[in-house]
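# from the sequence below, what's the structure:
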Amino acid sequence: MTWAIGYYNAYRFELSKNVADDMIIDDVVDLAVGNANVTLVDVLQAMISAANAGYSELMIVAHGSPKGLIMPMAPGMGSADKDNLPKMTEIAGIVAERDRIGAISNATQQLAEWVTLLKRVSGSNIAGGAQWGPITANQLSAISSGADARKWLETLAPTVNGQSILTDQSSVTLFTLRNQIVQKKLKRVEVRACNLGGDAAGMTALREFLGAAVVLAPMVKTFYGHVSPILFTRESDYISWVTRNAAWLLNGRPDPGNTRTYLGDSLFLKMDAKATTPLSVLKLWQPGFQSCAGVAGHAGNYAMIKSLVVDNIDVKNTSNYQGGPFYVGGLDPVAGRTTVNPPPAAASGKAFLLASEPEYRAMIVSNP
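Numbering: from 1, shown residues only. Below is the predicted model of the structure:
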């Protein structure tokens, strides 16, 4: 998610579905620094660190689809989505039960509970099409210790990378971290990943894996960008730029498809007009989606650009932006949509939604 780190470091907030749930961001952690290949294991480790520091409401920013997060669950494993997470959630529950039984001090009670667990999993189906192997009554009767029972559980488990999923190191690490984060009982996880909110099954799979009370995500695409303003000291130069880059502004035409134009407050092309407001324009389009320009009475005057940022992007007024390059981010209800899968009606036909847009919150979906 190029520019996302800069965006959240600058603005330190994220709007949620409901105003009361808007996030104030205390810390931003870049897991992809140095172009690192991020896995869900990395995300879980960071979430556990945050939970250990006392946080119960977290946000994940990543690539996504309606199925879930587009990242491996662990090195060499499948993606963290609804095709794979339910299986890992189910097996992680068995791992938690295994560990609980292993901690029982009474040997007779422990052995009885091992037998109960092995009977329960024997030959049963696992989410995603996998299956536990069978164990016979005679084999159960022959178990004389917890070590024997644990070995049988590993034998019955499905395989990954040519070995039991309960001994494969990547899987073991994933299960361990998953069960640790579940114990943290997170109140909320906001996810900013493209289209994740568009599939209830994908949202449920992620929420149940994390053990969070609520997961929220957008039903449309997300975007982040970096804008370098262009300042003009002469009105004629500004009009020339607008003519080349946003000509529809000169005659009141609507924005072209997949394009939004944001103005400081209103657009005035006469610098001597009475009650003028700052002149600025931020043009967004796919894929290289930012341009910014403004008219200034003298070089270096960023008043009109500041107005644009405060009115449309930094609506919580957290960045103290005064001038220079700035970040932009939001939701895109149009990108990737077709007549078969049209943009959500609640987007009101808008191609980009910044924090100032009333439709922004309507694009966020809660599970449950």
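# show me where the stretch 201-350 of the chain has helices.
Here the stretch 201-350 of the chain has its helices, by DSSP state H, counting those that start in this stretch, at 235-245, 303-312.
# which one, of the ones you listed, ends up nearest to residue 115?
helix 303-312 (63.8 Å; Cβ to Cβ). Glycine gets a C-beta too; all of them are placed from N, C-alpha and C.
# and the residue nearest to residue 114 when sequence neighbours are not counted, what is it in contact with?
With sequence-adjacent residues excluded and distances taken as Cβ to Cβ, 6 or more residues apart in numbering, residue 114 is closest to residue 149, at 3.6 Å. Taking Cβ atoms under 8 Å, 6 or more residues apart in numbering, we find residue 149 in contact with 101, 111, 114, 115, 117, 118, 143.
# which SS state does the third one fall under?
Under DSSP: H, G, I helix; E, B strand; the rest coil, residue 114 falls in the helix class.
# pull out the buried members of the contacts of residue 149.
Applying 16 or more other Cβ atoms under 10 Å to the contacts of residue 149, the neighbour count classes 101, 111, 114, 115, 117, 118, 143 as buried.
# and the residues you listed as JSON lines, adding pLDDT?
Output for these, formatted as JSON lines (pLDDT from 0 to 100):
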{"residue": "101", "pLDDT": "98"}
{"residue": "111", "pLDDT": "96"}
{"residue": "114", "pLDDT": "97"}
{"residue": "115", "pLDDT": "96"}
{"residue": "117", "pLDDT": "98"}
{"residue": "118", "pLDDT": "98"}
{"residue": "143", "pLDDT": "96"}
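# what's the closest of those residues to residue 132?
Distances from residue 132 to those, taken by Cβ to Cβ, are shortest for residue 118, at 9.2 Å.
# report whether the expected contact of that closest one with residue 152 is present.
Yes: contact criterion Cβ atoms under 8 Å: residue 118 and residue 152 qualify, at 5.9 Å.
# now do the shared contacts for the two.
Contact with both residue 118 and residue 152 is made by residues 135, 143, according to Cβ under 8 Å, 6+ apart.
# now do residue 260: how many residues are near it, please.
When neighbours are defined as other Cβ atoms under 10 Å, residue 260 has 21 of them.
# am I right that it is in contact with residue 291?
No: taking contacts as Cβ under 8 Å, residue 260 lies outside contact range of residue 291: 11.5 Å.
# who touches both of those two?
Common neighbours of residue 260 and residue 291 are listed as residue 283 (criterion: Cβ under 8 Å, 6+ apart).
# quick one on the thing from earlier: okay, and which of the buried ones among the contacts of residue 149 map to helices?
Residues of the buried ones among the contacts of residue 149 located in helices (DSSP state H): 101, 111, 114, 115, 117, 118.
# is it true that the second one touches residue 141?
Right, the one you point to is residue 111. No: if you go by Cβ under 8 Å, residue 111 and residue 141 don't touch, sitting 11.2 Å apart.
# rewinding a little: nearest to residue 335, of the ones in helices among the buried ones among the contacts of residue 149?
So of these, ranked by how close each gets to residue 335 (Cβ to Cβ), first place is residue 117, at 47.7 Å.
# grab the nearest non-local neighbour of the closest one.
For residue 117, the nearest residue in space outside its immediate sequence neighbours is residue 97; the separation is 5.9 Å by Cβ to Cβ, 6+ apart.
# that neighbour should be in a strand, yeah?
No: judged by three-state DSSP, residue 97 forms no part of a strand; its state is helix.
# from residue 328, how far off is residue 11?
Relative to residue 328, residue 11 is positioned 10 Å away (Cβ to Cβ, to the nearest Å).
# which of those two has more neighbours?
Neighbour tally, residue 11 and residue 328, criterion other Cβ under 10 Å: the higher count belongs to residue 328, 27 against 23.
# domains for this protein, by residue range?
Here the domain parsing of the chain from automatic domain parsing is 31-218, 223-367.
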